[in-house]
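Enquirer: coordinates only, sequence not included:
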């Protein structure tokens, strides 16, 4: 007997969640799940096993992205599919929920649809995208960018990881790149994700719907000076790029506050990075995000100007290189409204974080669901969600899939 | 026939120098000669070959330090030895001269003594100390500290390199530690070294004599905050240790100028070091040097105080740990005067750099010779010396060995 009122119990969520929890976990409870690492491959193995137990056929798109297909019998199998899922890879020492929660809830939603006796009129596809964080090859949403053709496969193949290995070496060849044949079979994409802020805590809501992703980008800042001995070089004779870097870190923070947006320097590399040497070079990466594109440009220009001024005083130089810039992503407004209504008026809110959903939104109607995060912390082991809220997320996703596959 | 007027020709220096030049050289002309790396082992092989061609017996002290012995015949072999030499290891991407010049000139000086027909009344020993820069295990003068007992061998064995390997793993066991038996055979130590500043340029002198080494030390500064998402975390909600680190870098520079001494932050490590994450932790290493110990303490206290103040504003914390502190080294005044006189009144000057000679000076009469460096740059490929000045260094060292082995 089907139970049309079936809801996901927190214990059901926990059962599935605990299968993934140990994979790639470090001593501090954070995760090292770099794309194509042993840990991420183990997660992909789990994905294939989950699909198999549900009778779903798994395909790989030649770019590292996995799709598990629930093809309803009859003509419905040829209708456009509703895709839902997220990614397994983590930022280094990141949290457990960012990515995997969307995949676990996707499988739980499939279970709910079946318990409720829903016979979808379209295929339901659970997706696992690869290298969403850019933690290994430096380019976020690599899998979805390849799939959609937003990233040239030859360019992707040349990207190198921290060990100097190219993507082609790691994956064993050139990615397939754009798959318009596959995209043509997708009618909509819904990504469920842990919230990376505290808006849902303030709104007292377990689940929300995304309206837009702020424009954002990454800029590499290369500061060059003169390597020298830390003990013997007079302060006045130095051309120390660490000073210019440090000043720019503080300037970026100040300008972000003045502009009402976000700026972060979370990554730094010094050369030779020796305690007893004035560095020859320091590179820092600026992550900047703003509510609109004009403000983002103005912020980055202001930081660059102040870095150049300081470099003049330090006898150093600074070069700014945009590594990736993503304009504002406005999710399908009708879809967001329809989903919010389906969920009994769930709150609709913007986010500062990039997602595969942002890339896919340029190609098909796309939406995102957020699950409440009590700490608001993200990309850290402190990121969390209650089992009850995760189960509520699975319920909401099941409701949305029911609505979209009618 | 011996030639009592024999001097080292620049071509003779170049001949020997070119044998070492390619070992461990990177594309920019800098050197990667970490202790116990393939490159440094190749240099040690060259050392053994040079000793063999001169009929000198090589011993190793169980700590990684090499000694090539020229034992004059008869009773002189039991007299206390005059030791001269330096080290092969480099800071990462450092220059060619820092270290190897002292070893090459030592062998050339042995050749000159023989050409001049000098029959030393004491053994002459050419030394190659290991891990002088601390580039691999973080502790400078590791070899001489072990030999003299200034460093506990069990503590040394636990030191780790950037790959997480312990010294014991790299060297295959526990170092021998203090060798009082060996030190008892040493009557004096003279280290020839490239100058790491421009004093000899200003004085128009190819060779100088050291008076003292400034007190100096290394402090690790651990800044801790809260790892978070760079895109979604409001600026006001952040506890970003990169800001505290950056402020402290600028404060160290300012305080060093105010105190008339040297402070450098040349090494930094951020965690997770991801572009899209507010770091959870940033560690920076402070290298500080001053003309006297009170000023050094005052400098480090001032930097620490400002770091703590800023941490309070950033919602972060800072912990300062002294990794090594070396008091002022005043070289044997009589020996320095005697050497300066031997060299026809060579200038006597202090230095801000640590050396194995500084460690050994606590155990036996020790002196240093400096060779002019036109750029004054050190720990960088820009470090240089003319072949003529290097040959003049070998001459001076031969004169000093002649005087000290009478």
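Expert: In hand now; what should we look at? These figures come from a predicted structure and were not determined experimentally. Numbers count the residues shown, from 1 in each chain, chains lettered A, B, ... in the order given.
Enquirer: so where is the stretch 1-150 of chain A shaky, pLDDT-wise?
Expert: A:1, A:75 (pLDDT under 70).
Enquirer: can you pull out the helices in it?
Expert: A:10-20, A:38-53, A:100-115, A:142-148 (DSSP state H, counting those that start in this stretch).
Enquirer: please identify the deepest-packed of these.
Expert: helix A:142-148 (a mean of 28; mean count of other Cβ atoms under 10 Å in any protein chain shown). The C-beta positions use only the backbone N, C-alpha and C, and glycine is treated the same way.
Enquirer: do it and chain B meet?
Expert: No - judged by Cβ under 8 Å from any Cβ of the partner chain, helix A:142-148 makes no contact with chain B; its nearest approach is 13.4 Å.
Enquirer: give me the contacts around that helix.
Expert: A:35, A:61, A:63-65, A:87, A:129-132, A:134, A:139, A:150-151, A:153, A:156, A:159, A:175-179, A:182-183, A:356, A:359-360, A:362-363 (Cβ atoms under 8 Å, 6 or more residues apart in numbering or on different chains).
Enquirer: quick one on the thing from earlier: for residue A:394, find the nearest of the helices of the stretch 1-150 of chain A.
Expert: Residue A:394 lies closest to helix A:100-115 among the helices of the stretch 1-150 of chain A, at 3.8 Å (Cβ to Cβ).
Enquirer: hmm, back to that, among the contacts of helix A:142-148, name the ones in strands.
Expert: Judged by DSSP state E, the contacts of helix A:142-148 include A:87, A:129 as members of strands.
Enquirer: what are the buried residues along stretch A:338-346?
Expert: A:338, A:339, A:340, A:342, A:343, A:346 (16 or more other Cβ atoms under 10 Å in any protein chain shown).
Enquirer: and for stretch A:311-327?
Expert: In stretch A:311-327, counting by 16+ other Cβ under 10 Å, buried: A:311, A:314, A:316, A:317, A:318, A:320, A:323, A:324, A:326.
Enquirer: now do the contacts for the fourth one.
Expert: Residues in contact with residue A:317 (Cβ under 8 Å, 6+ apart) are A:223, A:224, A:225, A:311.
Enquirer: let me know the secondary structure of the first one.
Expert: Following DSSP: H, G, I helix; E, B strand; the rest coil, the label given to residue A:223 is strand.
Enquirer: interface residues of the stretch 1-150 of chain A facing chain B?
Expert: So far as Cβ under 8 Å from any Cβ goes, the stretch 1-150 of chain A lies against chain B at A:30, A:91, A:92, A:93, A:94, A:133, A:134, A:135, A:138, A:140.
Enquirer: SS state for residue A:376?
Expert: coil.
Enquirer: do you know how far the nearest residue to it once chain neighbours are set aside is from residue A:375?
Expert: Nearest residue to residue A:376 in three dimensions, chain neighbours excluded: residue A:198, at 3.5 Å (Cβ to Cβ, 6 or more residues apart in numbering or on different chains). Going from residue A:198 to residue A:375 by Cβ to Cβ, to the nearest Å gives 8 Å.
Enquirer: one more: residue A:250?
Expert: 26 Å.
Enquirer: between those two, which one's more packed in?
Expert: Comparing residue A:250 with residue A:375 by other Cβ atoms under 10 Å in any protein chain shown, the one with more neighbours is residue A:250, at 19 against 15.
Enquirer: so for that one, what's the pLDDT?
Expert: Residue A:250 carries a pLDDT score of 98 in this model.
Enquirer: now do the contacts for it.
Expert: For residue A:250, the contacting residues are B:243, B:246, B:247, B:250, by Cβ under 8 Å, 6+ apart.
Enquirer: now do residue A:406
Expert: By Cβ under 8 Å, 6+ apart, the neighbours of residue A:406 are A:120, A:121.
Enquirer: after the helix or strand harbouring residue A:254, next one along is what?
Expert: When elements are assigned from DSSP states H and E, residue A:254 belongs to helix A:241-259. As assigned by DSSP H and E, the chain's next helix or strand after helix A:241-259 is strand A:262-271.
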